[in-house]
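Q: generate a structure from the sequence data that follows.
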Amino acid sequence: MSEKRGLVLVYTGNGKGKTTAALGLLLRASGHGAKVFLVQFRKSDPSYGEIQAIDKFLPTVTVVQSKRSRFTVGGGFAEEDFVDARDVFEKGKNALLSGNYDLVIFDELNFAVNCGLISLSDVLAMLAEKPAQVDVVLTGRNASEEIMMRADLVSEVREIKHHYQAGIAAQKGVEY
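A: A predicted model of the protein is given here:
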């Protein structure tokens, strides 16, 4: 029997479901007793359904959320946004490199890299140092070519139709 090989999985694209896919993997890994570390960039609301469920039912999962949740496309970030993103990244990186977790999820990291909140070189360096047995997930739109080349799996979630286009607001239990 061979030793487990940790994978790098990327969920990207403009469709809804990237975080949901990562959370499904979190649930699957938890069911097998895995220790999971989830960091969420630009998401700071502990009342999200997934965070409430993790707190109630998944004692082997640790969650770290950003302090700031403002999504800005095309810049316009304050210094606090950069500090917050760096803090969340460092917490996730430390969890990953510790080898104490079986799965580490960086939710919206691709967004943070694409917007310049986190440097691509820092992410690639972290992936190069990843312990061999740890799985890591990177979600968010616009994953860089370099990250996708480094990944073992890349799934693109493509929007075909979305209820927002019909004027239907975010739904509790569906979007959050």
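
Q: give me every residue that touches the residue positioned nearest the centre of the chain.
A: The residue lying closest to the centre of the chain (Cα atoms, centre = their mean) is Asp107, at 1.6 Å. The contact partners of Asp107, taken as Cβ atoms under 8 Å, 6 or more residues apart in numbering, are 19, 22, 38-41, 43, 139-140. Any C-beta I mention is one placed from the backbone N, CA and C, and that applies to glycine too.

Q: among those residues, which are in strands?
A: 38-40, 139 (DSSP state E).

Q: and the lowest-mean-pLDDT helix or strand in the chain, what other elements does it pack with?
A: Least confident helix or strand of the chain, by mean pLDDT, DSSP states H and E, is helix 49-57 with a mean of 93. Packed against helix 49-57 by the contact rule (3 or more Cβ pairs under 8 Å, 6 or more residues apart in numbering; DSSP states H and E) you find helix 18-31, strand 61-65.

Q: so what touches it?
A: Contacts to helix 49-57, defined as Cβ under 8 Å, 6+ apart, come from residues 19, 23, 26, 38, 45-46, 61, 63, 65, 172-173, 176.

Q: so which of the residues you listed wins on neighbours?
A: Leu38 (26 neighbours; other Cβ atoms under 10 Å).

Q: what residues are up against that residue?
A: Residues in contact with Leu38 (Cβ under 8 Å, 6+ apart) are 22, 26, 54, 61-64, 104-105, 107.

Q: redo these as TSV? Include distance to Glu90.
A: Below are the contacts of Leu38 laid out as TSV (distance: Cβ to Cβ, whole Å):
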residue	distance to Glu90
Ala22	20
Leu26	21
Ile54	21
Val61	19
Thr62	15
Val63	16
Val64	10
Val104	13
Ile105	16
Asp107	16
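
Q: give the phi and psi angles for the residue nearest to the centre of the chain, as a check.
A: phi -80, psi 130 (degrees, to the nearest 10).

Q: for it, name its beta-bridge partners.
A: Counting by DSSP bridges, Asp107 is bridged to Gln40.

Q: numbering from 24 from now on, please.
A: Got it, the first residue is 24 from now on, which makes the last one we talked about Asp130.

Q: can you tell me how far it is from Ala189?
A: The spacing between Asp130 and Ala189, counted by Cβ to Cβ, to the nearest Å, is 27 Å.

Q: next: Val127.
A: 37 Å.

Q: next: Ala166.
A: Taken as Cβ to Cβ, the span from Ala166 to Ala189 is 28 Å.

Q: of these two, who's got more company?
A: Set Ala166 next to Ala189 and count neighbours by other Cβ under 10 Å: Ala166 wins out with 23 against 7.

Q: list the contacts for the more buried one?
A: Ala166 touches 33, 35, 133, 177, counting by Cβ under 8 Å, 6+ apart.
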